[in-house]
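Q: coordinates only, sequence not included:
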């Protein structure tokens, strides 16, 4: 009864934050794709065709569709050889949000990168703690430093939001936001998932959502987007 009296919590709607250009949700495929199928294309739910769909023409490099991977929600599964990408106009400042997990941690591998230029919008695994080796972490990189590394655990889902904005770049991982740091000034030119745009630095991982904004979301906006996504995906 008390729940009926409380205001509803806002759902995760990426378009609630201005500057959204791409929203890639594997759940779109649920009615058309069987569990374990290879995925050649995943459309942009925000503006179909603009930017382009994520695509992978080579069958052997296509990720798999897993229908209930993340608490009942669909995901793409990558096996450290597979990847999918879209090329579109995108430069810094920009923001990328992933609902993702590492399935078999190997350092310096990519959850995502730019769509045309490698090492330009990396959300990547690292053991670098800003001066030495440490536990398994996720960090960000765009040509300068492995910025904002935060500890992650294989098989655990996280909402990861990275704001790429030169020396003012920062990363939030499931409610823990790092300080601003210089990740670099790379120009992504789109989005790759599971590896870099040529397949280098491929990671065994699963991704249940990928959103891109062509602006630097503020610290408060990032925290709110992460909070809403965590609630929707129950992580």
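A: It's in. No experiment lies behind these values; they were computed from the predicted model shown.

Q: and the longest helix belonging to the chain, what other elements does it pack with?
A: Ordering each helix of the chain by length in residues (DSSP state H) puts helix 219-233 first. The helices and strands touching helix 219-233, judged by 3 or more Cβ pairs under 8 Å, 6 or more residues apart in numbering; DSSP states H and E, are strand 94-104, strand 158-164, strand 170-173, strand 176-177, strand 204-213. Bear in mind the C-beta positions are built from the backbone N, C-alpha and C, glycine included.

Q: what's whatever helix or strand residue 21 lives in packed up against?
A: Using DSSP states H and E, residue 21 sits in strand 20-24. Counting contacts by 3+ Cβ pairs under 8 Å, 6+ apart, strand 20-24 packs against strand 190-193, strand 204-213.

Q: at 10 Å instead, please
A: Applying 3 or more Cβ pairs under 10 Å, 6 or more residues apart in numbering; DSSP states H and E, one finds that strand 20-24 contacts strand 84-87, strand 94-104, strand 190-193, strand 204-213.

Q: Buried deepest among those, which one?
A: Sort the helices and strands packed on strand 20-24 by mean neighbour count, taking mean count of other Cβ atoms under 10 Å, and strand 190-193 sits at the top with a mean of 29.

Q: Partner strands of it and their direction?
A: The pairing partners recorded for strand 190-193 under DSSP bridges are strand 84-87 (antiparallel), strand 110-113 (antiparallel).

Q: and the strand holding residue 21 with strand 94-104, angle?
A: Strand 20-24 and strand 94-104 are oriented at 20 degrees to each other (axes from the mean of the first three to the mean of the last three Cα atoms, to 10 degrees).

Q: List the residues that contact the most centrally placed residue in the chain.
A: Residue closest to the mean C-alpha point of the chain, counted by Cα atoms, centre = their mean, is residue 98 at 2.7 Å. Listed by Cβ atoms under 10 Å, 6 or more residues apart in numbering, the contact set of residue 98 reads 24, 111-112, 123, 138, 158-162, 173, 193, 205, 207-211, 229.

Q: what stretches of this protein score poorly on pLDDT?
A: 1-9, 128-134 (pLDDT under 70).

Q: And stretch 76-90, what's buried?
A: By 16 or more other Cβ atoms under 10 Å, the buried positions in stretch 76-90 come out as 76-80, 82-88, 90.

Q: could those be laid out in JSON lines, adding distance to residue 189?
A: JSON lines is the format used below for the buried residues of stretch 76-90 (distance: Cβ to Cβ, whole Å):
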{"residue": "76", "distance to residue 189": "21"}
{"residue": "77", "distance to residue 189": "25"}
{"residue": "78", "distance to residue 189": "21"}
{"residue": "79", "distance to residue 189": "25"}
{"residue": "80", "distance to residue 189": "24"}
{"residue": "82", "distance to residue 189": "21"}
{"residue": "83", "distance to residue 189": "15"}
{"residue": "84", "distance to residue 189": "15"}
{"residue": "85", "distance to residue 189": "10"}
{"residue": "86", "distance to residue 189": "10"}
{"residue": "87", "distance to residue 189": "6"}
{"residue": "88", "distance to residue 189": "7"}
{"residue": "90", "distance to residue 189": "6"}
